[in-house]
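Trainee: heads up, no residue letters with this:
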């Protein structure tokens, strides 16, 4: 049966990790960690200071000042800084999952459209990159530049427009 005094809901007493005089982690039973607010003047000059959102003051969440009984009373909602950070993390995760790091050099500037038989594909790829709607199918033999052009499109869209892209190489 969970203890009513324990915010974690488990039957064990709440605890946090602290430090003993030797600097090793020790548990402190009965102590619940609470956020500590430090005035900016107390921070050392050597510590880098992150910009704090002026709307939520770094909390990431906001609450409406509404009267009791209002449907939004006591409810929190994410601040713009939190949603922007989440969107940025999603883009970074998608980029990482797409493995585009391995194809960073595959951009339109490094593609040679003068090679025989690739000019039409190059033009279609650059057009598609500037207006990525519908489908673009690249056909050709081994080594003709299909993957290079596909990666160039993905890199252009991600880096130039911050859009979501999932890039996968299929055999």
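Mentor: Looks like it arrived, so ask away. Treat the numbers as computed from the prediction; the structure is a model and nothing was measured.

Trainee: give me the neighbour count for residue 109.
Mentor: By other Cβ atoms under 10 Å, the residues close to residue 109 number 6. All C-beta spots, glycine's among them, are computed from the backbone N, C-alpha and C.

Trainee: and for residue 111?
Mentor: Neighbour tally, residue 111, other Cβ under 10 Å: 19.

Trainee: same question for residue 160.
Mentor: By other Cβ under 10 Å, neighbour count at residue 160 equals 10.

Trainee: which helix or strand contains it?
Mentor: Of the helices and strands defined by DSSP states H and E, residue 160 is found in helix 146-161.

Trainee: got the buried residues for that helix?
Mentor: Neighbour counts over helix 146-161 (16 or more other Cβ atoms under 10 Å) mark 146, 148, 149, 150, 151, 152, 153, 154, 155, 156, 157, 158 as buried.

Trainee: for the residue nearest the centre of the chain, helix, strand, or coil?
Mentor: Note on the chain: the residue nearest the mean C-alpha position is residue 89, at 0.4 Å, using Cα atoms, centre = their mean. Secondary structure state of residue 89, per DSSP: H, G, I helix; E, B strand; the rest coil, is helix.

Trainee: tell me the pLDDT at it?
Mentor: Residue 89 carries a pLDDT score of 86 in this model.

Trainee: do you know the pLDDT at the residue lying farthest from the centre of the chain?
Mentor: In the chain, the residue that sits farthest from the middle, by Cα atoms, centre = their mean, is residue 116; the gap is 41.0 Å. Note on residue 116: pLDDT of 90.

Trainee: try residue 26
Mentor: Note on residue 26: pLDDT of 43.

Trainee: all numbers from here: first residue = 54
Mentor: From this message on, residue numbering opens at 54, which makes the last subject residue 79.

Trainee: so when I look at the residue farthest from the centre of the chain, I'm seeing a helix, right?
Mentor: No. Under three-state DSSP, residue 169 sits outside any helix and is assigned coil.

Trainee: having no further points to raise, I will conclude here.
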